[in-house]
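> My questions concern the predicted model and sequence given below.
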Amino acid sequence: MTRAATAITVATTALLVFAAPAFACGGLVGENGTIQLTRTTTLAAYHDGVEHYVTSFEFSGQGQQVGSIVPLPGIPTSVERGGDWTLQRLEREVAPPIRTEFATKAAASNASDAVVILQTKIDALEITVLKGGGTEVGKWATDHGFLLTPDAPEVLDYYSRRSQIFMAARFDATAAAERGQNAGDGTPIHLTIPLDRPWVPLRILALGRDRDSIVQADVFMLTDRKPQLLTGDRGLQLARSEPASTQLLDDLRADKGMEWVPQQEWLSYLKIDTPAGLLTHDLAASVNPLQPPSRVDAGIASSNSFLNTLTSAPSRTWFGPAAIVAVIAIAMLGFQYAWTRRRHPFA
Amino acid sequence: MSRMRRLVPVALVALVFGAILAGGHALAGPSHSQSNPVGPGDATVTITIEHSHFSPNQVNVRPGTTVRFVIVNRDPIGHEFIVGDAEVHRRHEAGTEAVHPPRPGEVSIAAETTAETTFAFPGGSADTVVYACHLPGHLRYGMAGEVDIVPT
């Protein structure tokens, strides 16, 4: 889809990936560290060709440093601290609230081939946005003390074929302790990314995991209109598809950096519950009725691959009005039947 | 005793591949076999590592061949190449040696580099010797192959 086409759709898309507590980490694990990122939360908000990407990292355990890597669909123009409740508020919309607290620039270069686009530090997180192929980014990561899991070379290559932009986040446990951060605290990161069309990296959730271990994650989307969705995996379920409530949008808009949230949005809620070995694709979305989601964005290479278009589940908001209409209709029929019987007892 | 010797490689293969399967990973990489046996005498076999898999992952040698393994690591991460009997693999799978000094049949290969090691395969009857990478999680991911000693 071109930028012009994007403008026609006047799309506003918000994508949220919320990994369940069982989710270990988004990508890289610090060598010999006992710390693990226990949860990675990501929001990508798409409006007028700009994606607002918010992700949050939480950690547990003890150790010095741990890292994570997130493939990005484009080059961010800014990286800053995210809002305080956006991610939790979206989660609360579909599930009981989980108590979670959520909590600028340097420049460096190195000898590897990956290009450092920007670096910044937010709380105890050192953020580096890189441009490069899978090998270059992997080399950069290993050169900077990250320990890549054995599946990382293939996964990094998989993503770099679509976008050679990655965000590496290093969590400094010592710095966190000095700041008074505790295990379970999170740090939200907000990236602004000019982009022609949004997609959600899902395969990265399986990085470093055994094929049989279950990946459980929640994916929230906010769009100007009901989106078309596409993935190559079976383990995704569209659990909710409905207009976002005014209260939800008001709450999101009140958070820092979330002023962009429009007055009306469509909420989609997808649940991921699948073995890591079967989570091998990403999620593509389109809000243009004339433009189907891109196979390329979903990471589907073969034309013979399985396509999961994630047919919308019955909207929850339909149930109430539909039930009321059904009850009224039945009552009217009953009333008419009784009225007819009274007027024509032998009918 | 000869029966015992025949059982050792079988047990070794079962051990290694059992560990792979128990870890949830089948040999996910493409299967590449070097069908023509090399040897006897001195021979060179080049093995490429890409996406944490050996290629070829099956090599045939004649009994009594001394193979110079040239390992080309195309990955951005380090790997190791360990060839030997069950005891060797057991030791390395539980070991803590981050980098292996040059020993026959054992070599560490840094990211995007090439390394060599030489291993002498015994003469005599058919046998199977496994090669693998024992860095954390790598064997479970499928970084293993086998050398079949094929009598003439």
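Sure thing, it's come through. Everything quoted here is computed from the prediction, not taken from an experiment. Residues are numbered from 1 along each chain as shown, chains lettered A, B, ... in the order given.

> What separation is there between the residue of the stretch 201-347 of chain A found nearest chain B and residue A:251?
Here the stretch 201-347 of chain A gets closest to chain B at one residue, residue A:210, 3.5 Å apart by CB to the nearest CB. The way it works is simple: take the backbone N, C-alpha and C, and place the C-beta from them, glycine included. The gap separating residue A:210 from residue A:251 is 38 Å, by CB to CB, to the nearest Å.

> can you check residue A:264 too?
Residue A:264 is 15 Å from residue A:251, by CB to CB.

> Please apply the same query to residue A:277.
37 Å.

> Got the domain ranges for chain A?
Annotated domains of chain A cover A:22-311, A:317-347 [automatic domain parsing].

> so where is chain B shaky, pLDDT-wise?
Residues of chain B meeting the criterion pLDDT under 70: B:1-31, B:34, B:98, B:101-102.

> all strands in chain B, in order from the N-terminus.
In chain B, the segments counted as strands under DSSP state E are B:33-38, B:41-50, B:53-55, B:58-61, B:65-73, B:79-84, B:106-109, B:114-120, B:127-132, B:144-149.

> any chance of those in CSV, plus distance to residue A:83 and mean neighbour count?
Formatted as CSV, the strands of chain B follow (distance: least, CB to CB, whole Å; neighbours: other CB atoms under 10 Å in any protein chain shown):
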stretch, distance to residue A:83, mean neighbour count
strand B:33-38, 55, 14
strand B:41-50, 42, 16
strand B:53-55, 42, 24
strand B:58-61, 54, 21
strand B:65-73, 43, 19
strand B:79-84, 42, 25
strand B:106-109, 45, 21
strand B:114-120, 49, 17
strand B:127-132, 48, 23
strand B:144-149, 47, 23
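
> Report the distance from stretch B:40-60 to the chain centre.
Stretch B:40-60 has its average C-alpha position 8 Å from the chain's average C-alpha position, going by CA atoms, centre = their mean, to the nearest Å.

> distance between stretch B:86-105 and the chain's centre?
For stretch B:86-105, the distance to the chain centre is 12 Å (CA atoms, centre = their mean).

> center of chain B, which residue is that?
residue B:131 (1.2 Å; CA atoms, centre = their mean).

> So that one sits against residue B:83, correct?
Yes - using CB atoms under 8 Å, residue B:131 is in contact with residue B:83, at 4.0 Å.

> So for those two, which residues contact both of them?
Residues touching both residue B:131 and residue B:83 (CB atoms under 8 Å, 6 or more residues apart in numbering or on different chains) are B:69, B:147.

> quick one on the thing from earlier: so which of residue A:264 and residue A:251 has more stuff around it?
Of the pair residue A:264 and residue A:251, residue A:251 is the one with more neighbours under other CB atoms under 10 Å in any protein chain shown, namely 19 against 11.

> secondary structure class for the more buried one?
Here residue A:251 takes the helix state, with states given by DSSP: H, G, I helix; E, B strand; the rest coil.

> what's near enough to touch it?
Contacts of residue A:251 by CB under 8 Å, 6+ apart are A:85, A:89.

> Mind listing the residues bridging to residue A:219?
Beta-bridge partners for residue A:219, by DSSP bridges, are residue A:17, residue A:270.

> who in the stretch 51-200 of chain A is up against chain B?
Residues of the stretch 51-200 of chain A lying close to chain B by CB under 8 Å from any CB of the partner chain are A:134-139, A:141-142, A:148-154, A:156-157.

> check contacts around residue B:149.
Per CB under 8 Å, 6+ apart, neighbours of residue B:149: B:61-63, B:121-122, B:125-129.

> could you redo those residues as JSON lines and give each row distance to residue B:36?
JSON lines is the format used below for those (distance: CB to CB, whole Å):
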{"residue": "B:61", "distance to residue B:36": "10"}
{"residue": "B:62", "distance to residue B:36": "10"}
{"residue": "B:63", "distance to residue B:36": "15"}
{"residue": "B:121", "distance to residue B:36": "15"}
{"residue": "B:122", "distance to residue B:36": "20"}
{"residue": "B:125", "distance to residue B:36": "20"}
{"residue": "B:126", "distance to residue B:36": "16"}
{"residue": "B:127", "distance to residue B:36": "18"}
{"residue": "B:128", "distance to residue B:36": "17"}
{"residue": "B:129", "distance to residue B:36": "18"}
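
> Name the nearest of these relative to chain A.
Using CB to the nearest CB, residue B:129 comes nearest to chain A of the contacts of residue B:149, at 22.1 Å.

> Now do the contacts for the residue lying closest to the closest one once chain neighbours are set aside.
Of all residues not flanking residue B:129 in the chain, residue B:147 sits nearest, at 4.6 Å (CB to CB, 6 or more residues apart in numbering or on different chains). By CB under 8 Å, 6+ apart, the residues touching residue B:147 are B:58-61, B:67, B:83, B:121, B:128-131.

> ok, now how distant is residue B:128 from residue B:149?
7 Å.

> Closest residue of chain B to chain A?
residue B:76 (3.0 Å).

> per-residue pLDDT, the closest residue to residue A:281 other than its chain neighbours?
Spatially, and ignoring its direct neighbours in sequence, residue A:281 is nearest to residue A:232 (3.4 Å; CB to CB, 6+ apart). Listed pLDDT for residue A:232 reads 83.

> how close does residue A:232 get to residue A:270?
14 Å.

> The closest residue to chain B within chain A: how many residues sit nearby?
Residue of chain A nearest chain B, by CB to the nearest CB: residue A:138 (3.0 Å). Neighbour count for residue A:138, taken as other CB under 10 Å: 29.

> Which residues are in contact with it?
A:148, A:152-153, A:156, B:75-77, B:111.

> Could you verify my assumption that residue A:283 touches residue A:270?
Yes - at 7.4 Å, residue A:283 and residue A:270 qualify as touching, with contact defined as CB under 8 Å.

> ok, those two, which is more surrounded?
Between residue A:283 and residue A:270, counted using other CB under 10 Å, the more crowded position is residue A:283 (28 against 25).

> Spatially nearest residue to that one (excluding sequence neighbours)?
residue A:200 (4.1 Å).

> ok, the residue lying closest to residue B:123 once chain neighbours are set aside - contacts?
Of all residues not flanking residue B:123 in the chain, residue B:64 sits nearest, at 3.6 Å (CB to CB, 6+ apart). Contact analysis of residue B:64 by CB under 8 Å, 6+ apart lists B:39-41, B:121-123.

> next one: residue A:74
Residue A:74 touches A:51, A:163, A:165, A:193-195, counting by CB under 8 Å, 6+ apart.

> Out of the domains of chain A, the one nearest residue B:96 is which?
domain A:22-311 (10.4 Å; CB to CB).

> quick one, helices of chain A?
Per DSSP state H, chain A carries helices over the ranges A:3-9, A:86-94, A:134-143, A:152-160, A:173-178, A:246-253, A:316-343.

> weakest of those in terms of mean pLDDT?
Among the helices of chain A, helix A:3-9 carries the lowest mean pLDDT (a mean of 28).

> how many neighbours does residue B:126 have?
11.

> That one is in contact with residue B:150, isn't it?
Yes - with contact defined as CB under 8 Å, residue B:126 counts as touching residue B:150 (6.5 Å).

> so where is the stretch 201-347 of chain A shaky, pLDDT-wise?
In the stretch 201-347 of chain A, residues with pLDDT under 70: A:304, A:312-327, A:329-330, A:334-335, A:337-347.

> ok, now with 50
A:314-319, A:346-347 (pLDDT under 50).

> Return the residues of it in contact with chain B.
So the stretch 201-347 of chain A meets chain B at A:208, A:210-213, A:277 (CB under 8 Å from any CB).

> Quick one: buried ones out of these?
Among those, the ones that count as buried by 16 or more other CB atoms under 10 Å in any protein chain shown are A:208, A:210-211, A:277.

> so can I have CSV of those residues showing distance to residue A:180?
Below are these laid out as CSV (distance: CB to CB, whole Å):
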residue, distance to residue A:180
A:208, 29
A:210, 35
A:211, 39
A:277, 40
